[in-house]
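A.B. asks: What follows is a predicted protein model with its sequence.
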Amino acid sequence: MNPGHRVGLIFAVLGAVGFSFKAILIKLAYPYGVDAITLLALRMGMSLPFFIALGWQDQRRRQPAPLTGRDVLLLLGLGTSGYYLASYLDFLGLHYISAALERLILFAYPTLVVVLSALFLGKPITRRALACIALCYAGIALALAHDLTITGTARDVWIGGSLVFASAVSYALYLMGNGQAVVRLGAARTTAWASTAACVLCLAHFALTRPLGLLVQPAPVLLLAAAMALFSTVLPVWMVSEAMRRLGAGPVSLIGTLGPVITLFLGWLILTEPIGLFQLLGGSLVVAGVVLVGKKA
């Protein structure tokens, strides 16, 4: 393996770890009494300077044509669905369910892309894709059964699971539009300005619904939000981008399947979330379904 590929492999693994760690950091912050939108505003506010810097650097390096009105609307739509709405629903869902279950439900987004592409773009669903989708949702059902056995109320599991599933749908919609934007605008430009739009929307949501004084949180909450911004937002975005440049999208996507496994382990290690047989089987089915649906027939 040449040095470039080795660095790409390291970045892909670290990116998967960083994204997986987000749910753990959120669960660690909630006992301090912070609500979802305040925590999200802190995370995105701390991430905002990075995304602006990324866009500015790309502008200097490539000197692309100015954004058209259509481009601005596309980026705003991507920011709304991919990093604002998906993140907000995810943060809300983590009030109710375990970090491991959250990651498994979110991880099913490739199957949702297949379904939504069939509904809105007329792309047929093959028998193989249907089998993969069935595998994923059988795995999620097993993981839900595990959480139902350890939680105090089934209502919490269903509410949290529904919120996180809605987050996965929102992220799948983002991915469907992201491909079009990347072709037209480039990956760095799309990531930078769609993420900037999402950050501004999160901060506006906070400003319209919460007193500004809520941004003054206990030191542990601020540290967790900073860790979320740096290690679960900024660095993973950059690392995955660099890994894709060195390895290609296919290998990086496969390495990303480590996500649910990492979250399962971290939830057990840090949050003392119990691991059961149903959860292990469910996680295996979800990962298998996503890997298979991502492969070409």
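C.D. replies: Thanks, I have it. Quick caveat, the model's predicted, so the values are computed rather than measured.
A.B. asks: Can you name every helix or strand that whatever helix or strand Thr111 lives in contacts?
C.D. replies: Secondary structure from DSSP states H and E places Thr111 in helix 109-121. In terms of contacts (3 or more Cβ pairs under 8 Å, 6 or more residues apart in numbering; DSSP states H and E), helix 109-121 is packed against helix 127-150, helix 154-185, helix 277-294. Every C-beta, even on glycine, is put in place using the N, C-alpha and C of the backbone.
A.B. asks: quick one: which of those is nearest Tyr96?
C.D. replies: Checking the helices and strands packed on helix 109-121 against Tyr96 by Cβ to Cβ gives helix 154-185 as the closest, at 2.8 Å.
A.B. asks: Could you tell me the average pLDDT over the helix or strand following that closest one, please?
C.D. replies: Using DSSP H and E, the helix or strand that follows helix 154-185 in sequence is helix 187-209. Average pLDDT, helix 187-209: 93.
A.B. asks: what's next to the helix or strand just after helix 187-209, contact-wise?
C.D. replies: Using DSSP H and E, the helix or strand that follows helix 187-209 in sequence is helix 219-229. Under the criterion Cβ atoms under 8 Å, 6 or more residues apart in numbering, residues 22, 25-26, 28-29, 32, 34, 39, 42-44, 46-47, 217 lie in contact with helix 219-229.
A.B. asks: Can you flag the buried ones in these?
C.D. replies: 22, 25-26, 28-29, 34, 39, 42-44, 46-47, 217 (16 or more other Cβ atoms under 10 Å).
A.B. asks: Redo the residues you listed as CSV? Include distance to Ala141.
C.D. replies: Below are the buried ones among the contacts of helix 219-229 laid out as CSV (distance: Cβ to Cβ, whole Å):
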residue, distance to Ala141
Lys22, 24
Leu25, 27
Ile26, 24
Leu28, 28
Ala29, 29
Val34, 32
Leu39, 29
Leu42, 34
Arg43, 31
Met44, 33
Met46, 37
Ser47, 34
Gln217, 37
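A.B. asks: ok, Val291 touching Gly256?
C.D. replies: No: look at Val291 against Gly256 with Cβ atoms under 8 Å: they stay out of range, at 10.0 Å.
A.B. asks: before we move on, the earlier item: from the buried ones among the contacts of helix 219-229, pick the one nearest Leu144.
C.D. replies: Ile26 (19.6 Å).
A.B. asks: who's in contact with the residue nearest to that closest one when sequence neighbours are not counted?
C.D. replies: If the residues on either side of it in the chain are set aside, Ile26 comes closest to Leu94, at 4.9 Å by Cβ to Cβ, 6 or more residues apart in numbering. Taking Cβ under 8 Å, 6+ apart, we find Leu94 in contact with 23, 26-27, 30, 36, 102, 160, 164.
A.B. asks: Which members of those define the maximum pairwise distance?
C.D. replies: Using Cβ to Cβ, these reach their maximum pairwise distance at Tyr30 and Val164, which is 14.8 Å.
A.B. asks: Which one of those two is surrounded by more residues?
C.D. replies: Remark: of Tyr30 and Val164, Val164 carries more neighbours, 27 against 16, as counted by other Cβ atoms under 10 Å.
A.B. asks: and the closest residue to that one other than its chain neighbours, how many neighbours?
C.D. replies: In this structure, Val164 finds its nearest non-sequential neighbour in Gly93, 3.7 Å apart by Cβ to Cβ, 6+ apart. Using other Cβ under 10 Å, Gly93 has 26 neighbouring residues.
A.B. asks: How about Arg61?
C.D. replies: Neighbour count for Arg61, taken as other Cβ under 10 Å: 9.
A.B. asks: what packs against the helix or strand where it lies?
C.D. replies: Using DSSP H and E, Arg61 falls within helix 36-62. Judged by 3+ Cβ pairs under 8 Å, 6+ apart, helix 36-62 is in contact with helix 86-93, helix 187-209, helix 219-229.
A.B. asks: and Leu67, which of those is closest to it?
C.D. replies: Taking Cβ to Cβ, helix 187-209 is the member of the helices and strands packed on helix 36-62 nearest to Leu67, at 7.6 Å.
A.B. asks: So what's the residue count around the closest residue in space to Ala141 that isn't next to it in sequence?
C.D. replies: Nearest non-adjacent residue to Ala141, counting by Cβ to Cβ, 6+ apart: Gly282, 7.2 Å away. Residues lying near Gly282 (other Cβ under 10 Å) number 28.
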